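Chemist: Let's see this in three dimensions:
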Amino acid sequence: MHSLIAELQRLFGRPGQDLPDPLPEAGFALDLVSPDARVWTMVIGIAPAAGWAPVAALCEGVVNELGLPAPAVSVAGSAGFRVWFSLADPVPLERAEAFLAGLQARFLAEVPAALVSLLPSATARLVPLAPAQAAGDGRWTAFIDPAMGCMFADETWLDMAPSPERQADLLAGFKSIGAADFGRAMTVLEPGGPVVPAPIGPVAGLVMEPPAVPGSAPHIGLAVGSGFVDPKSFLMAVMNDPGASADHRIEAAKALLPYFEG
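Modeler: All right, here's what the predicted structure looks like:
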């Protein structure tokens with residue numbers, strides 16, 4: 001089994017649904033609900049018109065306020081972004097719907113409902129699994145590093161096939177939500193749940209800027225110019241900019257890894 005299939009199966013598979021190895025380029029429709037109406041994977045889709053900011057707010061809220069593992073994020077072409085929640089133990093479909101509705105109400109309340117999709121539901125249970133090539137335009141869906149998600153705000157796709165090995169490496173850093181953590185999060189998300197203060201400090205993997213160091217000069221931004229036509233060229237410029245901080249150059253290089261053959 002290829003490492004990418006193993007990671008996808010670990011995070012998003014369920015008993016009775018084995019993923020094809022390799023994944024077909026045209027994609028694979030993942031059935032999120034088992035025959036006995038249990039759910040291991042939930043997905044929130046956010047349309048391109050909403051931009052990256054709501055996706056970032058959702059991811060940071062899940063980690064900072066709910067104390068859950070960071071969700072995986074994929075670019076989904078014309079569908080925008082998808083945020084993937086993996087469960088270590090299944091929950092009934094109704095419980096999954098309540099969790100998704102709670103996330104929407106808490107973190108996406110300002111986003112028009114027409115720009116948000118919650119899967120699974122009583123009427124929709126299939127979601128296209130990334131990576132895959134869109135029919136007609138040759139663009140690819142793929143999982144991305146959430147720390148670099150803003151680079152895809154205007155183009156929620158890749159122009160070339162992502163490296164399966166790099167996609168596997170990226171997914172290896174994500175964890176499933178345990179049953180106890182899920183139950184605790186539900187007590188917050190349910191109507192009348194407590195308000196949980198966000199912890200102090202950045203969330204690893206979601207914050208691009210390094211924390212300020214007392215006595216240090218303020219950060220004045222990158223000096224790589226503008227006019228980039230795609231996220232890859234921007235990241236390449238950052239990685240190769242001798243004036244950029246080592247942290248920025250390293251993060252840019254790490255963000256590029258999933259999209260190239262090793």
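
Chemist: wait, isn't residue 106 in contact with residue 189?
Modeler: Yes - counting by CB atoms under 8 Å, residue 106 does reach residue 189; the two are 6.2 Å apart. Every C-beta, even on glycine, is put in place using the N, C-alpha and C of the backbone.

Chemist: Give the helix, strand or coil label for residue 186.
Modeler: Secondary structure, DSSP: H, G, I helix; E, B strand; the rest coil: residue 186 is helix.

Chemist: what do you get for residue 43?
Modeler: strand.

Chemist: separation between it and residue 154?
Modeler: 22 Å (CB to CB, to the nearest Å).

Chemist: Looking at these two, which is more packed in?
Modeler: Remark: of residue 43 and residue 154, residue 43 carries more neighbours, 23 against 12, as counted by other CB atoms under 10 Å.

Chemist: Look up the closest residue to that one, ignoring the ones flanking it.
Modeler: Nearest residue to residue 43 in three dimensions, chain neighbours excluded: residue 119, at 4.5 Å (CB to CB, 6 or more residues apart in numbering).

Chemist: and if you look at residue 67?
Modeler: In space, residue 67 is closest to residue 181, 6.7 Å off (CB to CB, 6+ apart).

Chemist: what's near enough to touch that neighbour?
Modeler: For residue 181, the contact set (CB atoms under 8 Å, 6 or more residues apart in numbering) comprises 67-69.

Chemist: contacting residues around the residue nearest to residue 38 when sequence neighbours are not counted?
Modeler: Excluding its sequence neighbours, the residue lying closest to residue 38 (CB to CB, 6+ apart) is residue 90, at 3.9 Å. Contact analysis of residue 90 by CB under 8 Å, 6+ apart lists 14, 34, 38-40.

Chemist: Now do the nearest residue to residue 148 once chain neighbours are set aside against residue 152, distance only.
Modeler: Once flanking residues are discounted, residue 148 sits nearest to residue 255: 4.0 Å by CB to CB, 6+ apart. As judged by CB to CB, residue 255 and residue 152 stand 11 Å apart.

Chemist: can you check residue 131 too?
Modeler: 14 Å.

Chemist: Neighbour count and secondary structure for the contacts of residue 90 - can I get that in TSV?
Modeler: Output for the contacts of residue 90, formatted as TSV (neighbours: other CB atoms under 10 Å; DSSP: H, G, I helix; E, B strand; the rest coil):
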residue	neighbour count	secondary structure
14	18	strand
34	16	coil
38	18	strand
39	24	strand
40	22	strand
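
Chemist: how much distance is there from stretch 84-103 to the middle of the chain?
Modeler: Taking CA atoms, centre = their mean, to the nearest Å, one finds the center of stretch 84-103 at 16 Å from the center of the full chain.

Chemist: How about that stretch, which residues are buried there?
Modeler: Using 16 or more other CB atoms under 10 Å as the test for burial, stretch 84-103 gives 84-87, 90-91, 93, 95-100, 102-103.
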